[in-house]
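**Q** here are the coordinates; sequence isn't available:
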């Protein structure tokens, strides 16, 4: 049971989701603190949500690639 849990936790899909969640949390909580000169790019909620949306789209693209490679590998 523990081995199965760690196998699922270590899969490519799980790692991709954890990285996307980690980056999203960093952008949400630390984004307003980051400034470039006088500009604070993630000061507004909308800009942080757009950035998080981009992370989610990238994560879904990576997951799709993982699933398609797995399906092609099982086919042969």
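**A** Done, it's in. Quick caveat: nothing in here was measured; it's all calculated off a predicted structure.
**Q** list the buried residues for the one helix or strand residue 57 maps to?
**A** Using DSSP states H and E, residue 57 maps to helix 45-75. Neighbour counts over helix 45-75 (16 or more other Cβ atoms under 10 Å) mark 48, 51-52, 55, 59, 62-63 as buried. The way it works is simple: take the backbone N, C-alpha and C, and place the C-beta from them, glycine included.
**Q** where's the residue nearest the centre of the chain relative to residue 65, distance?
**A** The centroid of the chain falls nearest to residue 20 when counting by Cα atoms, centre = their mean (1.5 Å). Relative to residue 65, residue 20 is positioned 14 Å away (Cβ to Cβ, to the nearest Å).
**Q** again with residue 35
**A** Separation of residue 35 from residue 65 (Cβ to Cβ) stands at 35 Å.
**Q** thinking again about what came up before, tell me the pLDDT at the nearest residue to the residue nearest to the centre of the chain once chain neighbours are set aside?
**A** In this structure, residue 20 finds its nearest non-sequential neighbour in residue 59, 3.7 Å apart by Cβ to Cβ, 6 or more residues apart in numbering. pLDDT, residue 59: 96.
**Q** same check on residue 5?
**A** Looking at residue 5, the pLDDT reads 63.
**Q** what residue ranges in the chain score low on pLDDT?
**A** 2, 5-6, 8-9 (pLDDT under 70).
**Q** again, 90 this time
**A** Along the chain, the parts satisfying pLDDT under 90 run over 1-15, 66-67, 70-76.
**Q** if I pick residue 43, what's in contact with it?
**A** 31-32 (Cβ atoms under 8 Å, 6 or more residues apart in numbering).
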